[in-house]
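Q: Next one to model:
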Amino acid sequence: MGYGGFTIGITGGWNRLVHPTFTLLIGGGSVNYFYADHPNYHYHESVISDEFFVLEPSLGIEMNITTFMRTELSAGYRMVSGVQMYHLDNNDIGGPTGGILFKFGKF
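A: Next up, the predicted model:
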């Protein structure tokens, strides 16, 4: 599985040591799985794939480490639409997310 898209975010109180963030990812992706046509012959693999739309809002707590570095802990939820595969649907791909981010730049 892979996905990507456009990300927008809001940072509240960015000049304080610790401050909240909100991020929204809007994009798309695809999911694939492979299966062997015959259990003893792995070189005859078949691929099933599907594309999907993804919307992933997240909330975070960001901390200013230095004048050029910040770190963030975030939690969100990945919402997916468009997966219609045998034994795999939107609920299998979507769900809770979490992250640890390191941001570098001039803030």
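Q: what lines up beside the helix or strand hosting residue 77 in the sheet?
A: Using DSSP states H and E, residue 77 maps to strand 69-81. According to DSSP bridges, strand 69-81 forms sheet pairs with strand 41-64 (antiparallel), strand 95-104 (antiparallel).
Q: Out of those strands, which is the most enclosed?
A: Comparing the strands paired with strand 69-81 by mean neighbour count (mean count of other CB atoms under 10 Å), strand 41-64 comes out on top with a mean of 14. To be clear about C-beta, it is placed using only N, CA and C from the backbone, and glycine gets the same treatment.
Q: Figure out how far that strand is from the centre of its chain.
A: Relative to the centre of its chain, strand 41-64 is centred 7 Å away, using CA atoms, centre = their mean, to the nearest Å.
Q: Pull the CA coordinates from it and hand them back as PDB.
A: Presented in PDB, the C-alpha positions along strand 41-64 are these (Å, rounded to 0.1, in the frame of the first residue of the first chain):
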ATOM      1  CA  TYR A  41       5.700 -22.100  -8.200                       C
ATOM      2  CA  HIS A  42       6.400 -18.600  -6.800                       C
ATOM      3  CA  TYR A  43       7.400 -17.200 -10.100                       C
ATOM      4  CA  HIS A  44       3.800 -17.400 -11.400                       C
ATOM      5  CA  GLU A  45       2.600 -14.700  -9.100                       C
ATOM      6  CA  SER A  46      -0.500 -12.700  -9.900                       C
ATOM      7  CA  VAL A  47      -1.200  -9.100  -8.700                       C
ATOM      8  CA  ILE A  48      -4.500  -7.700  -7.700                       C
ATOM      9  CA  SER A  49      -4.600  -3.900  -7.100                       C
ATOM     10  CA  ASP A  50      -7.100  -1.100  -6.400                       C
ATOM     11  CA  GLU A  51      -6.900   2.700  -6.100                       C
ATOM     12  CA  PHE A  52      -8.500   4.800  -3.400                       C
ATOM     13  CA  PHE A  53      -9.100   8.300  -2.100                       C
ATOM     14  CA  VAL A  54      -7.700   9.200   1.300                       C
ATOM     15  CA  LEU A  55      -8.600  11.900   3.900                       C
ATOM     16  CA  GLU A  56      -6.400  12.000   7.000                       C
ATOM     17  CA  PRO A  57      -6.900  14.700   9.700                       C
ATOM     18  CA  SER A  58      -4.500  14.700  12.700                       C
ATOM     19  CA  LEU A  59      -3.900  16.600  15.900                       C
ATOM     20  CA  GLY A  60      -0.500  17.100  17.400                       C
ATOM     21  CA  ILE A  61       1.600  18.700  20.100                       C
ATOM     22  CA  GLU A  62       4.700  20.500  18.800                       C
ATOM     23  CA  MET A  63       7.700  21.600  20.700                       C
ATOM     24  CA  ASN A  64      10.300  24.200  19.700                       C
END
